[in-house]
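S.K.: Output the structure for:
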Amino acid sequence: MAKDDSSDGWLLLSTLQHFAYCPTQAALIRDGVWLDNHLTVTGDAVHERVDTGGTDHRRGVRAHHRVELASHRLRIHGIADTIEEARDGSLTPVEHKLGRGAGDLFPATVQVVAQALCLEEMTGRESTLGAIFVVKERRRVPVVVADHRERVEQLIVSAHHDLRLPPSSPTYSARLCRSCSVINSCQPRGVEWR
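M.R.: Alright, predicted model coming up:
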């Protein structure tokens, strides 16, 4: 796991996904807290192919793996799993996820849209589509960038602000917390929630 460098005003793309999932989780990861669980280990195995980098061709599309991206305007950067380049030159970021997390693809959508915003700044061309490839389902979920652009840009502003502060008091959510790899750092056993 790459250490976030929010101390210099920049955020990792992956931090935005964690922030969308749970701001406390993002703050703990920012502070260097990372514990693997069965989901993170399995997710790492899923990423093995795309994390090796390189380029391949599929169905008339060139797929670039492990692509470095940045937006100076938004002060975000990171590595995209895959950027697909179509014959017409359009670029589509594709994020690979093991499953639906806590049943919600919004955190992955945030990451894909943030990648698209980086691509737009880097290439000077509008990025209209992204995708999430849900490995367990062997299904590609399209993401229309325009549908999420404003909300993601607002989330980036919030993350820049909130992650400069100490982690807030966590709120327990059975749906989110049971899948979280840092739950024992966030909510040590024995703490009673009301």
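S.K.: low-confidence ranges in this protein?
M.R.: 1-7, 33-51, 100-103, 165-194 (pLDDT under 70).
S.K.: which residue ranges form the helices in it?
M.R.: 13-21, 23-30, 38-51, 106-123, 145-162, 174-177, 183-186 (DSSP state H).
S.K.: Rebuild the ones you listed as a markdown table, extending it with distance to Gly78 and mean neighbour count.
M.R.: (Glycine included, C-beta is placed from N, CA and C.) Listed next are the helices of the chain as a markdown table, based on distance: least, Cβ to Cβ, whole Å; neighbours: other Cβ atoms under 10 Å:
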| stretch | distance to Gly78 | mean neighbour count |
| --- | --- | --- |
| helix 13-21 | 3 | 23 |
| helix 23-30 | 13 | 24 |
| helix 38-51 | 13 | 14 |
| helix 106-123 | 8 | 23 |
| helix 145-162 | 12 | 16 |
| helix 174-177 | 22 | 14 |
| helix 183-186 | 23 | 18 |
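S.K.: and those helices as CSV, adding distance to Pro93?
M.R.: Supplementary listing: the helices of the chain in CSV, determined by distance: least, Cβ to Cβ, whole Å:
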stretch, distance to Pro93
helix 13-21, 10
helix 23-30, 20
helix 38-51, 12
helix 106-123, 4
helix 145-162, 9
helix 174-177, 25
helix 183-186, 29
